[in-house]
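1. Provided below are the primary sequence and the corresponding predicted coordinates.
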Amino acid sequence: MDLQAQVAQAVHVLNHDLQSCNRVAANQWLVHFQHTDAAWEVATKILAVDSIHTHDYEVELFASQVLKRKIQSDGSSLKPEDRSALQNALLMSAKKFSTGPSQLLTQICLALSALVLRAVEWRKPVEQLFASLSELQDQGTGSNAILELLTVLPEEVMEDQTVNSSVESTRRWQFTRELLSHTGAVLEFLLQHTKSESMENTPLHDKQRKVLRCLLSWVRVGCFLEVPQSSIPTHPLLNFVYNSLQDASTFDLAVEVLTELVARHETLPQALLPRMLSVKEALLMPALATGNECIVNGLVNLMAELGQAAPALIAQANTEALALADALLGCVAFPCPDWEIAESTLQFWCTLAEYLLAMGETHGEHQKQRAFGTFIPVYSALLDALIMRAQVGSGEFVEDDLDGNTGLPDGLAHFRASLDEPLADICRLLGPPQYFAKLLHGADGWCSVEPSVPWQDIEARLFALNMVSDVALQGGQLLDLTPVMHLLVFIQSVQCRIDPILMNLIHKSGAQVVGSYSGWICSYPNAILPLLSFLAAGLPVPVAASACATALRKICEDVSSISTEPRTFEGLIQVGEELYRFRLSLQEEEDVVCAVSCVLSTLNNSAELNKALGRLLKPSDEAITALLQTDSEGSQKLHSASYAAALEGGIRALHRLGIYFRQLSSSSAENFNGEEPMLTILAHFWPLLERLLLSRHMEDGGLALAACKTLSHAIQASGRKFSTLLPEIMNALSNNFISYQSHVCFIRTAAVAVEEFGHESEHGALFIETLKVFTFSDAMAQMSSSYACDQEPELAEAYMNFTSSFVRCCPRDVVAAAEELLETSFDKAAICCTAMHRGAAIAAMSYMSCFLGAGLSALTDPGVDKSRTPLISVTARICHQSGENVISGILYALLGVSAMARVHKSTTILQQLAAFCYIGGSDEKLGLNWSSLQSWLVAAVQALPPEYLKPGETETLITVWLKALEAAALDYFKSRGAPNGGRAGAAGYMQGDGGRTLKRVLREFADAHRYTTPGFGTT
């Protein structure tokens, strides 16, 4: 069996065999066949078979697809003679299958288009192709093939530009220009085919659709940009397209063509707008009456595009413009099940509103007011229509079909999300008072138990109030929300007969209104307690929980009288007590706890505060205690649902505890005659935290993170009172990190402790020991390459931040005492700064800069005895050992990814290093001078792989960099002697010409090598 027959057999098996194993085998064989060189010849022969009795369209379709794919992937590698022969073969195949099947003809034409696009050796491939097409036309055959090929040629270049990058942009541009040079001939060809005598064997509606599809392709590629713009409105093809709107079989394509023309040619809206009157009466109104969604959707897209293209034309408010606006207004209310039609009009309304609002500056206030007088009733009616379409229909309460986040059907949720800008524009046009009055009209009847209350409408109006809160609040005018307050109080106090799902949505929308306008709530003091009850009742409702939690926090932040009202305060405390019962997200819990903490912080009585905190934190105490009592080892931990529940309860308890620590800081001690409520909490919870930190439960990453965050907040809130517990804390953090080295939260919490207590000399040995544990841990020992750093970027970032805190916060003698540790960490920083992970690299650079800055500060401080400051000699020794590594790391960082983001830090480090060598050169005991820096730079540059730099760049780079480094060092030296007291921040790094020159040199180096470096990082 020859290969051609094997292909045919495999195609038949793939499409018709009942055994799936046979179909899989056939598919694998055909996939392999497509990648062989023989596929070119076999596929071409299959299409060339001329016997009418041997046509197998499935096989021929496969052959055409094979040729198309091979041309797109390997077409540029064809020899010129093979390419020419293939083009002729495809042309003949297109002629042969001119009458169909249409799918086969399309694939042949796509292959031919792809071939012409890649014909780089032909001077004018499109011109040669058009000559071949002309020959086909002269022979009186192949009109269908020519029309199909003219259709896919523009599509090929556009698709290749957006999807396929196998053709260079310059080639696509040349192809497009050559294609458009034939615009006149193509438009004339299409015009001829609009006449009934052409393509006599083709049904009239099929012929019209082919012409429209071809015209659409050429419009999209820009054919009408090649003709005088003033001639477009009267072009005969435009009449053909307009008339095609009247035919249901060509309506969709006619709409697409007109929409594309309107969007691309500014002369068309003026010509088409008058025609929209007849379109409205003849097509749109009957379609709206009969519910013809296809016609309505097409005309909405066309009319909306016309209005967006020429808002000034619509703003003239003549008969045609108002008819178009009225037509689109009627379409907004059209009951399309997926809201697509109403949504299609929104951009038109926004564009027109923006134009109307800007008319005062462009046309004068008088014309603006005239336009407002005409269009405000239109936008008022639009608001009514949008409210109606935004309602949840009575038949849509199937809970399984609702989106979990919004509580709405997916289509309605998407539609509501798109109403943000339109509703804001309507509010600006009408003005917030009129907007509010319209939405709240009839609100007197809302508070009723009668079944006639339009709850869907009320919920949609609450939604619309919330959406314009930014516009309303910007006006600065306090608007009347009394009906909303009455409604929410009524809902909370009366058992309403409402569908539960709809009630959940009302809870959500009502809470959103309360949160958005929380600053106005203090004007309704009698409503505060019922509002808090309303919000608390919504917390257990998944759809409303987030809105209720946010509103609760905003009210407590904006209404200061809550703590002075016993019933309101008691209600809020009860919410905090019951919080653990709700299935809230951590963010929702945080909002509620912040609300309670905000009110607690206004109390002036310590006994009252401690009592409230005792009630609020009791559930956290019980949850942590329950977790500590569970088995943290063995099968119970791995398989017990009860342990998982206890673990989740413990994490949430720690999360709430941490928020209370953060919100009620020790800065409020003056309110309680020197007593600090946080110390009371700390005294109670520290034994639990200590037991938890020492337990095997810390193996869980979520629990470890929650415990560390709580501990960090406790340290920051308690200040010096936490000092006595510091040894136990640092020991627990060190031990836990050694046990669970993937949990970087232990290092981060240790850094918080250093920042709070590092300035106290008595803790120096403790912090050095902690740094030693982290530095010599197995995890950090493996951090010996940029690859390793990128494998554990969070660990690298956390460790570098800890070392920065140690150097920055501890006294100089403590820092100097950790010389061995600092040298090790400095070498690791030189490696990590080359990592691809930006956070880890920047953290490493920050540490190097921090250490060099500390040494420089000691070296240049005029009030310091340098012989009694060991940090100076320690810095000098570390620089002597690691100077070349630092410069090498900087070079690789500037040659790697995100290099431009590292220029600033790199400049600072090199300026500091240069300044230390420049200033320290006067002290022979330090063993550093300018020659040291020069030798490091030369060694680092020469060690670079030769392909990293351009030919001859090594010598020029060293010279330019040394000159810039010297100028930057001199800048720093001068700034330290300036009257500002020698603070580099005032006139130090990169403040003078030398520093800025160094930064420019590094930026230019990074930019020049942005796309040329073959690899990144260093080992």
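-> Everything's here; your move.

2. tell me the average confidence for stretch 580-592?
-> Per-residue pLDDT over stretch 580-592 has a mean of 91.

3. Report the backbone C-alpha coordinates of it in CSV.
-> Once side chains and other backbone atoms are set aside, the C-alpha atoms of stretch 580-592 remain, and they are given as CSV (Å, rounded to 0.1, in the frame of the first residue of the first chain):
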residue,chain,number,x,y,z
TYR,A,580,-15.9,32.5,66.2
ARG,A,581,-19.3,31.0,65.4
PHE,A,582,-19.5,32.7,62.0
ARG,A,583,-17.9,31.1,58.9
LEU,A,584,-16.1,34.3,57.9
SER,A,585,-12.9,34.7,55.8
LEU,A,586,-9.9,36.0,57.7
GLN,A,587,-10.3,39.4,56.0
GLU,A,588,-14.0,39.6,57.1
GLU,A,589,-13.0,38.6,60.7
GLU,A,590,-10.3,41.3,60.6
ASP,A,591,-12.9,44.0,59.6
VAL,A,592,-15.2,43.0,62.5
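
4. which residues sit in contact with the nearest residue to residue 1010 once chain neighbours are set aside?
-> Spatial nearest neighbour of residue 1010, chain neighbours left out: residue 899 (6.5 Å); criterion: CB to CB, 6 or more residues apart in numbering. Where you see a C-beta, it was placed from the backbone N, CA and C, and this is true even at glycine. With contact set as CB atoms under 8 Å, 6 or more residues apart in numbering, residue 899 has these partners: 893, 1006, 1009, 1010.

5. Out of those, which two sit at the greatest distance?
-> The most widely separated members of the contacts of residue 899 are 893 and 1010, with 12.9 Å between them, by CB to CB.

6. quick one, which of these two is more surrounded?
-> Per other CB atoms under 10 Å, whichever of residue 893 and residue 1010 has more neighbours is residue 893, with 32 against 13.

7. returning to what we had before: residue 893 versus the residue nearest to residue 1010, what's the distance?
-> Counting by CB to CB, to the nearest Å, the gap between residue 899 and residue 893 amounts to 7 Å.

8. Point me to the helix or strand that includes the residue nearest to residue 944 when sequence neighbours are not counted.
-> For residue 944, ignoring the flanking residues on the chain, the nearest one in space by CB to CB, 6+ apart is residue 891 at 6.5 Å. Secondary-structure assignment from DSSP states H and E places residue 891 in helix 870-895.

9. What count of nearby residues applies to residue 577?
-> By the criterion of other CB under 10 Å, residue 577 has 16 neighbours.

10. try residue 785
-> One way to gauge burial is a neighbour count; for residue 785, by other CB under 10 Å, it gives 16.

11. Quick one, grab the pLDDT at it.
-> In the prediction, the pLDDT value recorded for residue 785 is 91.

12. list the buried ones in the host helix or strand of residue 241?
-> Secondary-structure assignment from DSSP H and E places residue 241 in helix 236-244. Of all the residues in helix 236-244, those buried under the rule 16 or more other CB atoms under 10 Å are 237, 238, 240, 241, 242, 244.

13. Now, the contacts of residue 899 that are in helices?
-> Cross-referencing the contacts of residue 899 against helices under DSSP state H gives 893, 1006.

14. ok, so of the contacts of residue 899, who is nearest residue 601?
-> Closest to residue 601, out of all of the contacts of residue 899 and judged by CB to CB, is residue 893, at 45.2 Å.

15. shouldn't that closest one be in contact with residue 845?
-> Yes. When contacts are counted by CB atoms under 8 Å, residue 893 is listed as touching residue 845 (7.5 Å).

16. Overlap in contacts, the two.
-> What both residue 893 and residue 845 touch, as defined by CB under 8 Å, 6+ apart, is the set 833, 902, 906.

17. Let me see the contact set for the second one.
-> Contacts of residue 902 were listed using CB under 8 Å, 6+ apart, and they are 833, 841, 842, 845, 893, 894, 1006.

18. State the distance from the residue nearest the centre of the chain to residue 463.
-> With the centre of the chain defined as its mean C-alpha position, the nearest residue by CA atoms, centre = their mean is residue 417, 16.5 Å away. When distances are taken as CB to CB, residue 417 and residue 463 turn out to be 11 Å apart.

19. tell me which element residue 570 falls in.
-> Counting by DSSP H and E, the secondary-structure element that holds residue 570 is helix 566-577.

20. excluding its backbone neighbours, what's nearest residue 29?
-> Across the structure, with CB to CB, 6+ apart as the measure, the residue nearest residue 29 apart from its sequence neighbours is residue 10 (5.3 Å).
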